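Student: For reference, the sequence and a predicted model appear below.
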Amino acid sequence: MPGGMRGEWELPDVEDLLATAVVVRLPMRTRFRGLTFRETMVFAGPAGWGEFGPFVEYEDAEASAWLRAGIEAAYLGPPPAVRDTVPVNATVPAIPADEVPDLLKRYPGAGTAKVKVAEPGQTLDDDVARVAATRELIGRVRVDANGGWSVDEAITALRAIGDVEYAEQPCRTVEELAQVRRAVEVPIAADESIRKADDPLRVVAADAADVAVVKVAPLGGMRATLELADTLGLDVVVSSALDSAVGMAAGVAAAAALPRLDLACGLGTGSLFTADVAPSFLMRDGVVEPRWFGPDADVDAVAHAAPEGRRQWWRDRLRRCHRLLVEE
Ligand SMILES: O=C(O)CCC(=O)C1=CC=C[C@@H](O)[C@@H]1C(=O)O
Ligand SMILES: [Mg+2]
């Protein structure tokens, strides 16, 4: 077989992947991560649907892990679940504070909200106001700075923002996370320091985090995510990569398979889209339920096909990433 054995599954031929692959463009309700639409690719295999959606600026070396995750989904399917609901946080993008109540209506029953902070072009006052507006409606608030603060800025900002469940990736590097963690009471979560790191275990060695945010696509799949969670030994939050419903199914499946899950997961981003390739995972009573899009599932990718000019770019990218997996 092309590519040979890869753990429990064999790498399929790239032509098999491309035969069913559709490049989609999903419109977003709220600007998030600087995006107003999300381009991604979905394809079908014997176990169901898989997604390949690395953000467009990612290089192939990083993007190839996302392909591995999509192939695992389509060719092997989900690991066995140990729970039938997954608690999820509301995700509050870097919007003005007065828009927070409307946004939170899309997260019925949420007990936890994650608020984006340190957005380029905004001020600490904007963050404090957005967090306060969220706190009025939701009991537990965590913040995510996406590495946007220096150590001093993080310490100042976290003192101003006050009590939060944790601060996700306050600064860029592992060393900076460790410094902030020593200086403040607030627990620290590592996201980019895990999913973009050559060695995700450095956060543990450096005592840099209390919580690990893990994402199935960048970490190369559901099983790889479960293995890493086990090795890290930290409290874990499974979060989305702004996936379509297809990729989200893999995130929810990984969260449902974790032996221990004490924190709400970041798997509520389906409600940031106004259209999806299949019914989105929308929060009800603060949770989402695992669902799998099997080979016969009602996935309508073609209705959301990306403009012609973008399709070849994605197909070429998939080919290059597949080549990297073959060579691994
Ligand atoms: O964790 C959540 O509530 C939603 C997911 C989320 O915040 C993210 C998804 C995709 C890309 C990231 O920039 C972002 C994150 O930093 O966690
Ligand atoms: Mg994050």
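Tutor: Yep, that arrived. Ligands and ions are numbered 1, 2, ... in the order given.

Student: C-alpha from now on. contacts and neighbour counts both.
Tutor: Will do.

Student: Just want to check the distance between residue 62 and residue 231.
Tutor: Distance of residue 62 to residue 231, given as C-alpha to C-alpha, to the nearest Å: 21 Å.

Student: More neighbours: the two, which one.
Tutor: residue 62 (16 against 12; other C-alpha atoms under 10 Å).

Student: Helix, strand, or coil at the closest residue to that one other than its chain neighbours?
Tutor: Among residues not flanking residue 62 along the chain, residue 218 sits closest, at 7.4 Å (C-alpha to C-alpha, 6 or more residues apart in numbering). What DSSP: H, G, I helix; E, B strand; the rest coil gives for residue 218 is coil.

Student: now the one 5 residues further on
Tutor: Using three-state DSSP, the secondary structure recorded for residue 223 is helix.

Student: wait, isn't it in contact with residue 80?
Tutor: No - Residue 223 is beyond contact range of residue 80, at 10.4 Å (criterion: C-alpha atoms under 8 Å).

Student: Look at those two and report which has more neighbours.
Tutor: Per other C-alpha under 10 Å, whichever of residue 223 and residue 80 has more neighbours is residue 223, with 19 against 11.

Student: What residues does that one make contact with?
Tutor: 79, 254 (C-alpha atoms under 8 Å, 6 or more residues apart in numbering).

Student: How about residue 186, nearest residue that isn't a chain neighbour?
Tutor: Per C-alpha to C-alpha, 6+ apart, closest to residue 186 is residue 166, 5.7 Å.

Student: Got the phi and psi for the one you found?
Tutor: phi -160, psi 160 (degrees, to the nearest 10).

Student: beta partners for the closest residue in space to residue 20 that isn't next to it in sequence?
Tutor: Distances taken as C-alpha to C-alpha, 6+ apart place residue 43 nearest to residue 20, at 5.2 Å, with adjacent residues excluded. Listed by DSSP bridges, the beta-bridge partners for residue 43 are residue 50.

Student: So what's the residue count around residue 43?
Tutor: 25.

Student: Next: residue 227.
Tutor: Residue 227, neighbours per other C-alpha under 10 Å, totals 11.

Student: measure it to residue 62 for me?
Tutor: 19 Å.

Student: Likewise for residue 84?
Tutor: 32 Å.

Student: which residues of this structure score low on pLDDT?
Tutor: 1-8 (pLDDT under 70).

Student: got a list of what the residue positioned nearest the centre of it touches?
Tutor: For the chain, residue 240 is the residue whose C-alpha lies nearest the centre (C-alpha atoms, centre = their mean; 2.2 Å). By C-alpha under 8 Å, 6+ apart, the contact set of residue 240 is 215, 216, 248, 251, 266, 267, 268, 269.

Student: just residue 226 next, same as before
Tutor: Residue 226 touches 254, 257, 258, counting by C-alpha under 8 Å, 6+ apart.

Student: out of those, which is most surrounded?
Tutor: Once you tally neighbours by other C-alpha under 10 Å, residue 254 ends up highest among the contacts of residue 226, having 28 neighbours.

Student: How about the secondary structure of residue 311?
Tutor: Quick answer, by three-state DSSP: residue 311 is helix.

Student: ok, for it, nearest residue in space, not its chain neighbours?
Tutor: residue 23 (5.8 Å).

Student: That neighbour belongs to a strand, doesn't it?
Tutor: Yes - under three-state DSSP, residue 23 sits within a strand.

Student: Show me what it is bridged to.
Tutor: According to DSSP bridges, beta-bridge pairing links residue 23 with residue 41.

Student: Quick check: it touching residue 303?
Tutor: No - using C-alpha under 8 Å, residue 23 makes no contact with residue 303, being 10.5 Å away.

Student: And the two? Which one has more around it.
Tutor: The neighbour count for residue 23 versus residue 303, taken as other C-alpha under 10 Å, is higher for residue 23 (25 against 13).

Student: what about the residue of the stretch 51-200 of the chain found nearest ligand 1, how many neighbours?
Tutor: Closest to ligand 1 within the stretch 51-200 of the chain is residue 91: 4.3 Å, counting by C-alpha to the nearest ligand atom. Residue 91 has 26 neighbouring residues, counting by other C-alpha under 10 Å.

Student: try residue 86
Tutor: 24.

Student: does it have beta-bridge partners, and which?
Tutor: Beta-bridge partners, per DSSP bridges, of residue 86: residue 288.

Student: Report the contact partners of it.
Tutor: Contacts of residue 86 by C-alpha under 8 Å, 6+ apart are 252, 255, 256, 264, 265, 287, 288, 289, 290.

Student: And what about residue 303, helix, strand or coil?
Tutor: helix.

Student: For it, which non-adjacent residue is spatially closest?
Tutor: residue 277 (7.8 Å).

Student: Surely the one you found and residue 247 touch.
Tutor: No - between residue 277 and residue 247 there is no contact under C-alpha under 8 Å: 10.4 Å.
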